[in-house]
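# Attaching a predicted model along with its sequence, questions to come.
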Amino acid sequence: MRVLYLLNVSNSSQLAADSGFTFADLLAPALTDAGAEVTVASPIPVGDARVRFALTTSPSTKYRARFEPGMDALVALFRERRPEVVVANQIEAAPAIRAALLEAGVDALVAGYCHYLPFSFADTGMDTGALELDPAMNDGGLGRSVLLAFAAGLAACDRILVHSATAASWTTAAAVRSGVDLGEKLHIVPAPRDVRLVRDPADITPPEGRATGIYNHRLYAHYGTARFTGLARRLVADAPVRLTVMDLFGTRSPERVRLDPSPERHLEELATTDGVAIASDRGDRVRYRDLLAGAHFGIAPFRPGCPWSMSVIDCQAMGLPVIGPRTGWLADHIDAELLFDTDEQAVRIATRLAADPEFYLLHAKRAHASTTDLAPATVAARYLEAIR
């Protein structure tokens, strides 16, 4: 099977912060091991030399990626590579991909992977809950247009892959409301865990009365960073806890800051909070592993539309219990004893993790076990089964 994987790299200067690239870097070699001939079309090749590479230019903004995927370049690429399967990493680009295949005279299956959902639902009643546009895709009121482009992408795909059951429910509900019949196209294929970030639970030592929590998510406002900042103050004040907050972006370009200055604003606020340390892995996965290994538990993001979080999986694969709000995919994936609705509940959970070794080790083992089915080879097998 000849698979052409179209990858839009949005953070080429900070690849460690680009979950889409990390996903491809882990998955493509595993697909190759499983017998597929994989070409990654991207500005940057993945790390395995067995994976073929086609140099492309990523659209310069998140909106260009959705509304201007570059038809001429797609037609030329399809004529050159003659794929049997084209993976649309940007689901909104699927109609253009379908049209480019027609123009190129190439008969290929189009598989869309919904890495990012530009919407969420306000409650768990997916049939009746209110659909909420993601504010990250609503600059200048573009959110409704992005949603419609997403629905058009669903319609243009032969296969649709999502991370989780939550994502499947939300995608199905959004498709119904847009008049798109998904039929049998939808498949749940989670992202692989990073093999470099896996630790044997037997090597984990519980905290001795004081714990370090780590928050390793993007500091955008739409990730609920203001909510996290409030919780951070409560945790360091009322629990035997210190926090490490990851600076995933470093110095961003003026264009990105102008579009959304919230990460810089939140980072400055957190940096001046006693008991909170700012850390950077500087794009080094070994340093990132060391930072995770130096913590005792993780904190999930407060993003309402969270259908998956690679950063949560990173923590859990390292045997770090993750505490999180009872919302979205987090409510289904994280152990019920570690979920909270209020800051008071979060403080109690963090305190118990710090002071109760038996409770801590139990949840360290459960966290690690929750990722065992995410080994790249296992995920690659599910991926290939979905796109056949």
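The structure has been received and is ready for your questions. None of the values given here were measured: they were computed from a predicted structure. Residues are numbered from 1 along each chain as shown.

# Look up how far residue 167 lies from the residue nearest to residue 10 when sequence neighbours are not counted.
The spatial neighbour of residue 10 that comes closest, neighbours along the chain excluded (C-beta to C-beta, 6 or more residues apart in numbering), is residue 18 at 6.0 Å. (Each C-beta comes from the backbone N, C-alpha and C, glycine too.) When C-beta to C-beta, to the nearest Å is the yardstick, residue 18 and residue 167 sit 19 Å from each other.

# Tell me which of those two has more neighbours.
Counted by other C-beta atoms under 10 Å, residue 18 and residue 167 do not tie: residue 167 has more neighbours, with 24 against 20.

# and that one, what are its phi and psi?
The phi/psi pair for residue 167 (degrees, to the nearest 10) reads phi -60, psi -40.

# Now do it against residue 160, distance only.
From residue 167 over to residue 160 (counting by C-beta to C-beta), the distance is 10 Å.

# OK, contacts around residue 275?
The contact partners of residue 275, taken as C-beta atoms under 8 Å, 6 or more residues apart in numbering, are 235-237, 241-243.

# Including neighbour count, could those go into CSV?
Converted to CSV, those look like this (neighbours: other C-beta atoms under 10 Å):
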residue, neighbour count
235, 26
236, 18
237, 12
241, 25
242, 18
243, 24
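
# can you pull the buried residues of the helix or strand bottoming out on mean pLDDT in the chain?
Across the helices and strands of the chain, the lowest-confidence element by mean pLDDT, DSSP states H and E is helix 254-259, at a mean of 80. Judged by neighbour count (16 or more other C-beta atoms under 10 Å), helix 254-259 contains these buried residues: residue 256.

# Now stretch 79-91: buried residues?
Of the residues in stretch 79-91, those with enough neighbours to count as buried (16+ other C-beta under 10 Å) are 81, 83-91.

# Which single one of those is nearest to residue 294?
Distances from these to residue 294 were compared by C-beta to C-beta; the smallest belongs to residue 89, at 32.7 Å.

# quick one, what contacts that closest one?
When contacts are counted by C-beta under 8 Å, 6+ apart, residue 89 is found next to 5-8, 20, 24, 113, 115.

# Next up, the contacts around residue 67.
Taking C-beta under 8 Å, 6+ apart as the criterion, residue 67 is in contact with 92, 145, 149.

# Can you tell me which of the contacts of residue 89 is nearest residue 264?
For the contacts of residue 89, with residue 264 as the reference and C-beta to C-beta as the criterion, the closest is residue 20, at 22.7 Å.

# The closest one reaches residue 6, doesn't it?
No: shown here, residue 20 and residue 6 do not form a contact pair, counting by C-beta atoms under 8 Å, at 10.6 Å.

# So the two - more neighbours on which side?
Comparing residue 20 with residue 6 by other C-beta under 10 Å, the one with more neighbours is residue 6, at 24 against 20.

# Just grab the bridge partners of the more buried one for me.
When assigned by DSSP bridges, residue 6 has beta-bridge partners residue 41, residue 88.

# quick one, what contacts it?
With contact taken as C-beta under 8 Å, 6+ apart, residue 6 is in contact with 41-42, 56, 86-90, 93, 97.

# Residue 31 too?
Taking C-beta under 8 Å, 6+ apart as the criterion, residue 31 is in contact with 3, 38, 380, 383-384.
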